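Engineer: coordinates only, sequence not included:
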């Protein structure tokens, strides 16, 4: 019976059993105790490996580990303990059993379902960058009154570089963190310690996208929308607050009645000259007008692309690289 239990693995070879086996088989007791010790070490190592695999699986479930390491937001390590501690610190949780909580209104394309963990990781990085900044006291009415000053920077490409300081002086954190894979985010607006954060990804590195995203997020703040808004402007959620922010941003950028008259007057073919003349009259860079026309499907997205200049070179000191 003892031999049968040992073979099945339900019984260990005790010192007494080792002596009996050595007497029966002409071996030393140490031979059997060593075999038992090696076997127990093997089982312990196997269990530890299985536990590490489970922990690693859990880590990859709650965070996009590869991208965090690629972006150097955490450090690569062969130690599962170190990796787990880094991820917990990054997400602000005490253990893997704790789920990161954010009051987030996720907005994503109906055709592409982003990973929630990547969006949470992106928000955490935005918060980290915002906490490194010092901004003035925030007053919503003061921000609203400063919208014309902000929009004055929309006349020339170069004046975009003034935006971060303008916002900081108004008590608004301005952060650019490139979007993570499968998130399809353009921007976000929410509060950190009673001061708003405007975060952009520059997913579309074009002047029209930059200005509309910026003004859309500012609209959330000016209109007093509470909570966290993560926006994919390709597929905005159909709710009242998004419609409000969308309309406000569009009207800030281009006076609605003037744009209506412009579109009605041209009717069909929008030449570069016509766009530039309208833009000059209304003190906007032509690429902003073109972007609106393309959004409204009045101009093909392939046309007049040189007007859609990149903005990243002007904001490189603010981009989280």
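Structural biologist: Here it is on my side, so go on. As the structure is a computational prediction, the values presented were derived from the model and not from experiment. Numbering: from 1, shown residues only.
Engineer: in stretch 294-304, what's buried?
Structural biologist: In terms of neighbour count (16 or more other CB atoms under 10 Å), stretch 294-304 has its buried residues at 294, 299, 304. Bear in mind the C-beta positions are built from the backbone N, C-alpha and C, glycine included.
Engineer: isn't there a strand covering residue 180?
Structural biologist: No - Residue 180 is assigned coil when assessed by DSSP: H, G, I helix; E, B strand; the rest coil, not a strand.
Engineer: helix or strand right after the lowest-mean-pLDDT helix or strand in the chain?
Structural biologist: Across the helices and strands of the chain, mean pLDDT, DSSP states H and E gives its lowest value to strand 104-105, namely a mean of 45. Next helix or strand after strand 104-105 toward the C-terminus (DSSP states H and E): helix 116-131.
Engineer: and the most centrally placed residue in the chain, how close does it get to residue 139?
Structural biologist: Nearest to the mean C-alpha position of the chain, counting by CA atoms, centre = their mean, stands residue 122 at 2.6 Å. For residue 122, the distance to residue 139 equals 28 Å [CB to CB, to the nearest Å].
Engineer: can you map out the strands along the stretch 201-321 of the chain?
Structural biologist: 228-231 (DSSP state E, counting those that start in this stretch).
Engineer: where does it dip in pLDDT?
Structural biologist: Residue ranges of the stretch 201-321 of the chain with pLDDT under 70: none are present.
Engineer: how about a cut-off of 80?
Structural biologist: 235-238, 267-268 (pLDDT under 80).
Engineer: where do the helices sit along it?
Structural biologist: Along the stretch 201-321 of the chain, counting by DSSP state H, counting those that start in this stretch, helices occupy 207-222, 240-253, 256-266, 272-281, 286-295.
Engineer: other SSEs contacting the second one?
Structural biologist: Here helix 240-253 is seen to pack against helix 147-151, helix 207-222, strand 228-231, helix 286-295 when contacts are counted using 3 or more CB pairs under 8 Å, 6 or more residues apart in numbering; DSSP states H and E.
Engineer: now do it against helix 286-295, angle only.
Structural biologist: Angle, helix 240-253 to helix 286-295, by axes from the mean of the first three to the mean of the last three CA atoms, to 10 degrees: 140 degrees.
Engineer: in helix 240-253, what counts as buried?
Structural biologist: 241-242, 245-246, 248-250, 252-253.
Engineer: can I get those in a markdown table including distance to residue 47?
Structural biologist: Shown next, in a markdown table, are the buried residues of helix 240-253 (distance: CB to CB, whole Å):
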| residue | distance to residue 47 |
| --- | --- |
| 241 | 51 |
| 242 | 51 |
| 245 | 53 |
| 246 | 55 |
| 248 | 59 |
| 249 | 57 |
| 250 | 60 |
| 252 | 62 |
| 253 | 61 |
